[in-house]
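Chemist: sequence first, predicted model second:
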Amino acid sequence: MLIKNKSNILSSEITDRSVYEARRQFMKAAVAGSAGLAMPNLVKAEAKKYANVPIGSHSLPLEVNKEEDATSYTNYYEFSTNKWDSTRLAKTLKTSPWSVTIEGEVEKPGVFNLEDILKNQPLQERIYRFRCVEAWSMVVPWIGFPLADLIKRFQPTSKAKFVEFTTLLNPEVMIGQRSQVLDWPYVEGLRIDEATHPLALIAVGMYDDVLPNQNGAPLRLVVPWKYGFKSIKAIVKMRFMETMPETSWHKSAPNEYGFYANVNPEVSHPRWSQSRERVLGASIWTPKRATDKFNGYGEQVASLYAGMDLSRNF
Ligand code: MTE
């Protein structure tokens, strides 16, 4: 795996975007159009549900991690606090039928099934860097659509200042919920301007295919400038609120996990530094990567926090 060690991934390093996108689209088209026993890998790729999804404008032309890095080392405490066990146990979750309840400060509340949410919703690929609060990172090609598109449909009222997201509660299957590592169900939240920022994504797939259960099927949030715990999996409810929601990790350890959780190398976790990150899949001799403020997305998102003290509002 080629690891890029850039201090700011947004300046125009790398391949010119248009060249890169043209190349990716060509490769995708070639994969979709190919057949024949001589090319087993390509034939396999053809079976991937989202192989023809176009690349979105906010995607970064970074070298992505191997799929296996992202799908076999997962944080999903509803199943287990052990990464490999959560990967394995999450496969037992039934993700269809699935619905999402919309409530609170919106003109159009209701219960929407996943098919209706996805009907007429164009999807795109977004290659994002993903940084966990545990100081590891990866680059993932997500398939999804802007959270802003979804929010617009429910017509938030002027009182909607925050959005709270909730994961499924089902201790029969999600056996990690039988122990009180967190106060279940898992809850996360964003300020409304964060939630409607063009980078905030609802993901339904990755690596050209549907999301594997362990990565949050059937739909999850991806907020690339924040620590990974904000990117809540298996969403069943969104509540629009006037006040800041209480979130699971903040509730469990308020001095360690803030509501904002913006990636910030200058603010250490009380138990470890956040200045560097281990890149999944890199060899043990590869030096750790220097963590970028806002995970490298500062050009786009820093203005959301103008005037805020980010060491207090961590
Ligand atoms: N969402 C739920 N419902 N439960 C979880 O345990 N873990 C979070 C986040 N979303 C988690 C969750 C954490 S700590 C991280 S780092 C990311 O999911 C990991 O996403 P991944 O397993 O797809 O890499």
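Modeler: Received the coordinates, thanks.
Chemist: so how far is the ligand from the closest residue to I117 other than its chain neighbours?
Modeler: Distances taken as C-beta to C-beta, 6 or more residues apart in numbering put V100 closest to I117, at 6.4 Å, once the chain neighbours are dropped. For glycine as for every other residue, the C-beta is placed from the backbone atoms N, C-alpha and C. Distance from V100 to the ligand, counting by C-beta to the nearest ligand atom, to the nearest Å: 14 Å.
Chemist: dump the residue contacts of V100.
Modeler: Neighbouring residues of V100 by C-beta atoms under 8 Å, 6 or more residues apart in numbering: V111, F112, L114, I117, L219, I235, V236, K237, M238.
Chemist: near the ligand, which residues of this protein?
Modeler: Counting by C-beta under 6 Å from any ligand atom, the chain comes close to the ligand at 74-78, 132, 167, 186, 215-216, 228-229, 231-234.
Chemist: now the buried members of those residues.
Modeler: 74-78, 132, 167, 186, 215-216, 228-229, 231-234 (16 or more other C-beta atoms under 10 Å).
Chemist: narrow these to those in strands?
Modeler: T167 (DSSP state E).
Chemist: what's the closest of the buried ones among the residues of the chain next to the ligand to W84?
Modeler: T74 (8.4 Å; C-beta to C-beta).
Chemist: please name the nearest non-neighbouring residue to the closest one.
Modeler: Per C-beta to C-beta, 6+ apart, closest to T74 is Q214, 4.3 Å.
Chemist: isn't the one you found up against K83?
Modeler: No. Q214 is beyond contact range of K83, at 9.2 Å (criterion: C-beta atoms under 8 Å).
Chemist: tell me which residue in this structure sits closest to the ligand.
Modeler: With C-beta to the nearest ligand atom, the shortest gap between the chain and the ligand falls at G228, namely 2.7 Å.
Chemist: tell me the contacts of that residue?
Modeler: Neighbours of G228 in contact, by C-beta under 8 Å, 6+ apart: N75, F130, R131, C132, V133.
Chemist: what's the most distant pair in the residues you listed?
Modeler: N75 and R131 (12.5 Å).
Chemist: skip the chain neighbours and tell me the closest residue to the spatially most central residue of the chain.
Modeler: The centroid of the chain falls nearest to V222 when counting by C-alpha atoms, centre = their mean (2.3 Å). Leaving aside its chain neighbours, V222 sits nearest to L201 (4.4 Å; criterion: C-beta to C-beta, 6+ apart).
Chemist: what's the answer for Y207, then?
Modeler: Nearest one to Y207, counting by C-beta to C-beta, 6+ apart, is E67 at 4.5 Å.
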